[in-house]
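> I would like the atomic coordinates for the input below:
(2 chains)
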2 protein chains.
Amino acid sequence: METKLFRQHGHQFVDWVADYMENVENYPVMSRVKPGEIRAKLPACPPQAPESMDSIFRDFKEIIVPGITHWQHPGWHAYFPANNSPASILAELLTAGIGAQCMVWQTSPAAAELEDVVLEWLRQMLGLPEGFVGVIQDTASTATLCALLCAREWATDFASNEKGLSLPLVAYASQETHSSVEKGVKIAGFGKENLRLIPSDDEFAMIPEKLEEAILRDKEKGLRPACVVATIGTTSSTAVDPLAVIGRICRRQNVWLHVDAAYAGTAAILPEKQWVLEGKEDMDSFVFNPHKWMLTNFDCSAYFVKDAGRLVRTFEIHPEYLKTGVDPLVKNYRDWGIQLGRRFRALKLWFVIRSYGVEGLQAFVREHIRLAQLFKGWVERAGNFELMAPVHFGVVCFRLNDGRDENALTQLNKTLMERLNATGEIFLTHTTLRGKYTLRFVIGQRTTEERHVRHAWDLIASTAEELLRK
Amino acid sequence: METKLFRQHGHQFVDWVADYMENVENYPVMSRVKPGEIRAKLPACPPQAPESMDSIFRDFKEIIVPGITHWQHPGWHAYFPANNSPASILAELLTAGIGAQCMVWQTSPAAAELEDVVLEWLRQMLGLPEGFVGVIQDTASTATLCALLCAREWATDFASNEKGLSLPLVAYASQETHSSVEKGVKIAGFGKENLRLIPSDDEFAMIPEKLEEAILRDKEKGLRPACVVATIGTTSSTAVDPLAVIGRICRRQNVWLHVDAAYAGTAAILPEKQWVLEGKEDMDSFVFNPHKWMLTNFDCSAYFVKDAGRLVRTFEIHPEYLKTGVDPLVKNYRDWGIQLGRRFRALKLWFVIRSYGVEGLQAFVREHIRLAQLFKGWVERAGNFELMAPVHFGVVCFRLNDGRDENALTQLNKTLMERLNATGEIFLTHTTLRGKYTLRFVIGQRTTEERHVRHAWDLIASTAEELLRK
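Numbers count the residues shown, from 1 in each chain, chains lettered A, B, ... in the order given. Coordinates of the predicted model:
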């Protein structure tokens, strides 16, 4: 394709994206296709001859778009958000156009130094301790794996990298921890049996006394407690583990403290939410995802460490073909994580922070938290609904509860969710809390306004009423 | 920013990218900034108030672009390529605009099914065995780590995931293997001491007899040989390990065979290069990067496995909040790798394959291989140059050699490389082969034509002459 054609289609696609942003509300949030439906429309073999961009674009609109679940829809109340923004999309266009691969400083100095600067901006915005340094990872799963690996090396005096893992190491997280911790302990060689899931309290936060008991028990058995993963904003209910107490235990017991704030970390840019980071001085590593609730296109996960030396020592490699003349003077981010190759992801973060300003981002997050409180109030005041967990951020856990038995309640709420999602107007997902089937209503999309939340509640209430009438 | 403004800046940026593609030749390939120079131009603190996109874009052009090393420059002869294309950039724009996160089928059915289809297209294009199934990973480092983990689980009957790694497992690769294998064996808990680097022959390919000897030696010691990583197209010199013989050894000795074809895999779309895959039936897993030499924006790594069940069993997790009603009917790619969250990367691959057609991609790769042979001929015919390795694909390893001693030759070639890179017209990097400092001339950019390669050679020859005259 010649540049002239690129220009022409580029303009066409920009208009399509702009139209999409304006009209996303008119699509069904969750795609209505059935398994196999999209595949059946696609040829089983690749084309031998070139096809025109007009024909590719037509298929994109006719075949692909109906199979998209619209994360940027104002009725997106599922999982956690992965919101984007005009500024972020624009930056992604430039990133793709430049096509730089940013594995070492020399392969794009601006990418390396912008990443350094923007992560320091984030550190300040969140009020993380001075001296913490950041690096962009793709996802919090990867960042948490990095933390487990750093903890492993630190706990074995960097011998596991050399000799392989022999000493049984133990990791700790609450019962409510994210599945990436289980995945991480498997990959890092700890083994799932050496992950202790610590009981949580009535608010689904880790009970620190139970943590310390577990650590002591393992030490008595001759095991080596290596890493505690505390969560700020658990996936099921956004519970906040008590960082200050957990941090003191980790210092006392000499265990690495990793904090997973993948979703809720963004809230720490608000002075009134700084409490979630109380005790932050005792963290060894911390992750939050600007790609969740900070208007930055997926993927962009911000991983911070107290001691960059430990991180680099865990991951550094020095093949001759990657050596450059400036290595002692610069940060080569290839040694700050698992992957060698790296996209230029700092650019979109820079665009977003500058385009909104810290105040703009604060206003954005604060509004979602206000809307969640509003929704929570409606749940509490409605006769047949039950609030299932405290509401700290933009997520409300609730269920319909007219007093029938647990199995019937599960079925009732499952049906409610399926009916709501089938409307195409909203999309929400479920979890279980203490074994109880629970609906999660998440407010985190850029486009979600009070009118959308009100409409969602009306829809939920009326659908529930209909169900109960039967 | 309102949609109107997005539209306006979107058009402006598309034109900037088009201009950039037209003018990339006029930039110095390798950025000329000094360490710290970009950082010094950026504010130490984030802005409180929003800034205009005009001002952000001005800074992008004035501060960032001079710090970019231009991977899409026709004079890019460094590392391996990471070429992009108009079709791929256009797809990235749509991907960013839609902003879908594709962790499970339900969160975007079209992304899951398109990935399935396009990876099957790639399987056919490369002539991989029927039944092999593919999944997109971010990089080959990650894919190779996945392979080591699968091998680990398979070799320990999936007990390592559960109980942690206890049995000492051994991995094997040639002396010329990529650094990601060392990184992978560390992460997966094998330990660097349990990675055997098998000697290579005169062409830098693994000597299979030495591999089998090493495996037998380890078995005698009571160790468990778990994984062999064979390379098709090593990073230093694009050597090709003899897959057929290695495959038979792996079957005989019951060891997992992973094939790293990150760069050279693309060449297998040519009938005349199918020989590199001879013995492919014995592979357990295979990776190549469309983001290197197949016009697809970084990141996009295609990972294929013989038995998807083993891959899924290694990585699957089943938290309640990720369960959907269609799980038994669909592929949930969250269980096909390390990360949970996933970008919609299949779209750009689909755009590229359709836009070029198989024939267009073949012509593209074939031309680079022709140009490399041309360059190789010039090296061979020039008096003071030495060819350092066979030329199988688009990489020529050579050095200036006027007969002085090895230390002096290293210094001479280092100086030659630095002078060439300082011209801003070309960018090449180095490696060592049997301890000898070697220059790598890589041809793989979309924009690189014969005239560029001729000009590069003239520049190399004249700079060398100048150096030798002194």
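> residue contacts, the residue in chain A sticking out farthest from the centre?
Each residue of chain A has a distance to the centre, and by C-alpha atoms, centre = their mean the biggest one is for residue A:49: 40.6 Å. Residue A:49 is in contact with B:357, B:359, B:360, counting by C-beta atoms under 8 Å, 6 or more residues apart in numbering or on different chains. (Each C-beta comes from the backbone N, C-alpha and C, glycine too.)
> ok, now which ones touch the first one?
The one in question is residue B:357. A:46, A:47, A:48, A:49, A:50, A:51.
> circling back to that earlier point, can you tell me the SS state at the residue farthest from the centre of chain A?
Classification of residue A:49 using DSSP: H, G, I helix; E, B strand; the rest coil returns coil.
> just to revisit the earlier point, now the contacts of residue A:49 as JSON lines including pLDDT, secondary structure and distance to residue B:389?
JSON lines is the format used below for the contacts of residue A:49 (pLDDT from 0 to 100; DSSP: H, G, I helix; E, B strand; the rest coil; distance: C-beta to C-beta, whole Å):
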{"residue": "B:357", "pLDDT": "98", "secondary structure": "helix", "distance to residue B:389": "32"}
{"residue": "B:359", "pLDDT": "98", "secondary structure": "helix", "distance to residue B:389": "30"}
{"residue": "B:360", "pLDDT": "98", "secondary structure": "helix", "distance to residue B:389": "29"}
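> just give me the closest of those residues to residue A:3.
residue B:360 (16.7 Å; C-beta to C-beta).
> now the closest one: how far from chain A?
For residue B:360, the distance to chain A (C-beta to the nearest C-beta, to the nearest Å) stands at 5 Å.
> just checking, that residue touches residue A:50?
Yes: between residue B:360 and residue A:50 a contact is recorded at 5.1 Å, counting by C-beta atoms under 8 Å.
> write the PyMOL selection for whichever of the contacts of residue B:357 are buried.
Command for PyMOL that selects the buried part of those, burial taken from 16 or more other C-beta atoms under 10 Å in any protein chain shown:
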select buried, chain A and resi 46+47+50+51
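> which pair of the contacts of residue B:357 spans the longest distance?
Top of the distance list for those (C-beta to C-beta): A:46 and A:50, 11.4 Å.
> quick check: neighbours shared by those two?
B:354, B:357.
> residue contacts, residue A:418?
Contacts of residue A:418 by C-beta under 8 Å, 6+ apart are residue B:325.
> residue A:314: neighbour count?
24 (other C-beta atoms under 10 Å in any protein chain shown).
> find the residue closest to residue A:73 in space, skipping its chain neighbours.
Spatial nearest neighbour of residue A:73, excluding adjacent residues (C-beta to C-beta, 6 or more residues apart in numbering or on different chains): residue A:29 at 4.5 Å.
> report how many residues lie close to that neighbour.
If we define neighbours as other C-beta under 10 Å, then residue A:29 has 24 of them.
> assign it to helix, strand or coil.
Residue A:29 - assigned by three-state DSSP - is coil.
> residue A:266 too?
Residue A:266 is classified as helix under three-state DSSP.
> any idea how far it is from chain B?
Residue A:266 is 14 Å from chain B, by C-beta to the nearest C-beta.
> equivalent analysis for residue A:180, please.
6 Å.
> surely that residue and residue A:147 touch.
No: applying C-beta under 8 Å as the test, residue A:180 and residue A:147 come out as separate, 10.5 Å apart.
> and stretch A:436-447, how far from the chain's centre?
14 Å (C-alpha atoms, centre = their mean, to the nearest Å).
> got it, and stretch A:273-286?
With C-alpha atoms, centre = their mean, you get 18 Å for stretch A:273-286.
> same check on stretch A:334-344?
Going by C-alpha atoms, centre = their mean, where stretch A:334-344 is centred and where its chain is centred differ by 19 Å.
> residues making contact with it?
By C-beta under 8 Å, 6+ apart, the list of residues contacting stretch A:334-344 reads A:95, A:98, A:100-104, A:108, A:111, A:135-138, A:142, A:145-146, A:303, A:308, A:311-312, A:315-317, A:322, A:333, B:82, B:138-142, B:145, B:179-180, B:183, B:187, B:291, B:298-299, B:338.
> mind checking which of the residues you listed are buried?
Buried, going by 16+ other C-beta under 10 Å: A:95, A:98, A:100-104, A:108, A:111, A:135-138, A:142, A:145-146, A:303, A:308, A:311-312, A:315, A:317, A:322, A:333, B:82, B:138-142, B:145, B:179-180, B:183, B:187, B:291, B:298-299, B:338, out of the contacts of stretch A:334-344.
> which of those fall in strands?
The strands, defined by DSSP state E, take in A:135, A:136, A:137, A:303 from these.
> so how far is residue A:183 from the first one?
Put plainly, it is residue A:135. Distance from residue A:135 to residue A:183, counting by C-beta to C-beta, to the nearest Å: 20 Å.
> do the same with the third one
Between residue A:137 and residue A:183 the distance, using C-beta to C-beta, works out to 15 Å.
> residue A:413 and residue A:462, how far apart?
Residue A:413 sits at a distance of 16 Å from residue A:462 (criterion: C-beta to C-beta).
> kindly report the residues of the stretch 201-350 of chain A close to chain B.
A:235-236, A:291, A:297-299, A:315, A:317-322, A:325-326, A:329-330, A:338-341, A:343, A:347, A:350 (C-beta under 8 Å from any C-beta of the partner chain).
> returning to what we had before: between residue A:413 and residue A:462, which is the more surrounded one?
residue A:413 (21 against 10).
> give me the phi and psi for the more buried one.
phi -70, psi -30 (degrees, to the nearest 10).
> just residue A:430 next, same as before
Torsion angles, degrees, to the nearest 10, at residue A:430: phi -120, psi 170.
> ok, it touching residue A:438?
Yes: shown here, residue A:430 and residue A:438 form a contact pair, counting by C-beta under 8 Å, at 6.3 Å.
> between those two, what contacts are shared?
residue A:413.
> ok, now which ones touch residue A:280?
So residue A:280 contacts A:127, A:128, A:129, A:243, A:247, A:259, A:286 (C-beta under 8 Å, 6+ apart).
> identify the farthest-apart pair in these.
Top of the distance list for the contacts of residue A:280 (C-beta to C-beta): A:127 and A:247, 15.3 Å.
> which of these two has more neighbours?
residue A:247 (22 against 13).
> what about the strand or helix carrying that one, distance to the chain center?
Counting by DSSP states H and E, the element that carries residue A:247 is helix A:243-253. With C-alpha atoms, centre = their mean as the basis, helix A:243-253 stands 25 Å off its chain's centre.
> nothing else from me, thank you.
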